[in-house]
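Q: Using only what follows, build the 3D model:
(chains A and B)
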2 protein chains.
Amino acid sequence: MSTDFPFDVITAEEYERQQRVHGGLTDAIRELIDAGIRTDVDDATALEAKAAVEAVTARLRSAQRTTTSTLRHAGTGLPLAWANPAVGLRNAIAPPMVIHHEDGGRCWAEFDLGLPYEGPPGLVHGGICALVLDHLLGEVASDGLTKPLFTCTITLRYLRGTPLGPVRAEAFVERSEGVKTFARGFLGDADGWTVEASGVFIRPAWARGTE
Amino acid sequence: MSTDFPFDVITAEEYERQQRVHGGLTDAIRELIDAGIRTDVDDATALEAKAAVEAVTARLRSAQRTTTSTLRHAGTGLPLAWANPAVGLRNAIAPPMVIHHEDGGRCWAEFDLGLPYEGPPGLVHGGICALVLDHLLGEVASDGLTKPLFTCTITLRYLRGTPLGPVRAEAFVERSEGVKTFARGFLGDADGWTVEASGVFIRPAWARGTE
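A: This next block holds a predicted model:
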């Protein structure tokens, strides 16, 4: 029995192509999301924009992948998320976070959170801070998503508002006890941490006793 | 001193226009995000799509609002979020959640979470569950965002995976003690709750003693 999620293996060349072609398209859609929030064009122009967007969507839907499962890099063995709203290569909702894995298991990411992530004026929505930290803690607890693991609980402590703009997030494993892994992490700006997270992750029953 | 966030007041007619014209554009961008994840078109077509998206963005940016502050409905007095990633009328990242306020202060929302919100295969990303619940708890704790309030801590307990598709979220205030409000909430599908949340919200120092 497989003890892991299904993966499609792709070569380094195919990954580079995906990143170049579809990473670029995703960046363009990200800019469109921002423009849609800020625009003050008249109704006729907004309706024209809507029709143009619908035409692009139809074109992209003319050929669709039959699976959207996570890809695995043939060289590094690391998973490449496709649709993930935190890190997905193809998902314009994702900031995206590009996660760096240090020796010793610490993870970190530096990225920008602009207007589409705003909650209170000028500040990142608390739920977006939660999305970022939930993802990073899950990633560190599962060794870069190579082990199946589910979030059991996560607690977020908001120290102060997180200004929109460049942010840094970090996470590390505190300890493991049987099927449970305890992880901690932080989100912050140049002035220090703004949000602290602690999470308990659990190995699902179907994956126990197989390692 | 103002004890509230800045708001621009708009009429019911203007709100209906915004919803009709810009709500439609936002829906179209939401479909484009999904198509960008699923597409399997060749490189030339993907690059054409990117150029077409960039052209729409430039058109929308030809006139931009100078402020993106939250709007307040002149009739109901309720805030209308513009850029909010959970409920924003103009934000394609938002599912969007349309939040209903019951007498007695309970809030609920029913909406769909599709592929762009996926974490593990077929399941909603845990961080998206956190975003939804953080927002709903904040909304119920602040009387529909009419009072300034910040999240102090929030704890999410994952009972089982949340399948992609239609979901329901609910939240209510458990109790208030001085400057603190304790709220609870749930997210789930037709089979019951999948995630439970409890949060502590605090009135900022600048808004105390003014009510």
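
Q: which residues touch the helix or strand A:A58 falls within?
A: Take DSSP states H and E as the rule and A:A58 turns out to sit in helix A:43-60. The set of residues external to helix A:43-60 that reach it, using Cβ atoms under 8 Å, 6 or more residues apart in numbering or on different chains, is A:32, A:39, A:41, B:17, B:21-22, B:24-25, B:28-29, B:31-32, B:35-36, B:38-39, B:41, B:45-46, B:48-49, B:52-53, B:55-56, B:59-60, B:62-63. Any C-beta I mention is one placed from the backbone N, CA and C, and that applies to glycine too.

Q: Would you mind getting the angle between it and helix B:43-60?
A: With axes from the mean of the first three to the mean of the last three Cα atoms, to 10 degrees applied, the angle from helix A:43-60 to helix B:43-60 works out at 170 degrees.

Q: Relative to the whole chain's centre, how far out is helix A:43-60?
A: For helix A:43-60, the distance between its averaged C-alpha position and the chain's averaged C-alpha position is 27 Å (Cα atoms, centre = their mean, to the nearest Å).

Q: Only the buried residues of that helix, if you could.
A: When neighbours are counted by 16 or more other Cβ atoms under 10 Å in any protein chain shown, the buried residues of helix A:43-60 are found to be A:T45, A:A46, A:A49, A:K50, A:A52, A:V53, A:E54, A:V56, A:T57, A:R59, A:L60.

Q: so what's the third one scoring on pLDDT?
A: The pLDDT attached to A:A49 in the predicted structure is 98.

Q: again with the last one
A: At A:L60 the predicted local distance difference test score is 97.

Q: and A:R203, what does it touch?
A: Residues A:K147, A:P148, A:L149, A:V179, A:T181 are the ones in contact with A:R203 under the rule Cβ under 8 Å, 6+ apart.

Q: got the buried residues for the helix or strand hosting A:F186?
A: Assigned by DSSP H and E, A:F186 belongs to strand A:180-189. Buried residues in strand A:180-189, counting neighbours by 16+ other Cβ under 10 Å, are found at A:T181, A:F182, A:A183, A:R184, A:G185, A:F186, A:L187, A:G188, A:D189.

Q: Out of the residues you listed, give me the two with the largest separation.
A: Greatest spacing in those, by Cβ to Cβ: A:T181 and A:D189 (27.9 Å).

Q: Where do the helices of chain A begin and end?
A: Shown for chain A, the helices assigned by DSSP state H span residues A:12-38, A:43-60, A:126-141.

Q: Can I get these in JSON lines including distance to A:V98?
A: Conversion of these to JSON lines gives the following (distance: least, Cβ to Cβ, whole Å):
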{"stretch": "helix A:12-38", "distance to A:V98": "11"}
{"stretch": "helix A:43-60", "distance to A:V98": "24"}
{"stretch": "helix A:126-141", "distance to A:V98": "12"}
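
Q: just those: most buried one?
A: Using mean count of other Cβ atoms under 10 Å in any protein chain shown, the stretch among these with the largest mean neighbour count is helix A:126-141, at a mean of 29.

Q: right, is that helix up against chain B?
A: Yes. Remark: helix A:126-141 sits within contact range of chain B at A:G126, A:G127, A:I128, A:A130, A:L131, A:V132, A:L133, A:D134, A:H135, A:G138, by Cβ under 8 Å from any Cβ of the partner chain.

Q: and that helix, what other elements does it pack with?
A: Packing contacts for helix A:126-141, counted by 3 or more Cβ pairs under 8 Å, 6 or more residues apart in numbering or on different chains; DSSP states H and E, involve strand A:107-113, strand A:150-158, strand A:165-177, strand A:180-189, strand A:192-202, helix B:126-141, strand B:150-158.

Q: how is chain A carved up into domains?
A: Structural domains assigned to chain A are A:1-96, A:98-207, following automatic domain parsing.

Q: need the least confident one among those domains, by mean pLDDT.
A: Summarising mean pLDDT across the domains of chain A, the least confident stretch is domain A:1-96, with a mean of 86.

Q: Show me how far that domain is from its chain's centre.
A: Relative to the chain's own centre, domain A:1-96 is displaced by 12 Å; criterion: Cα atoms, centre = their mean.

Q: Taking the centroid of chain A, which residue is nearest it?
A: A:A86 (1.5 Å; Cα atoms, centre = their mean).

Q: Stretch A:82-100 and chain B in contact?
A: Yes. Stretch A:82-100 comes into contact with chain B (Cβ under 8 Å from any Cβ), by way of A:W82, A:A83, A:N84, A:P85, A:A86, A:G88, A:R90, A:N91, A:A92, A:I93.
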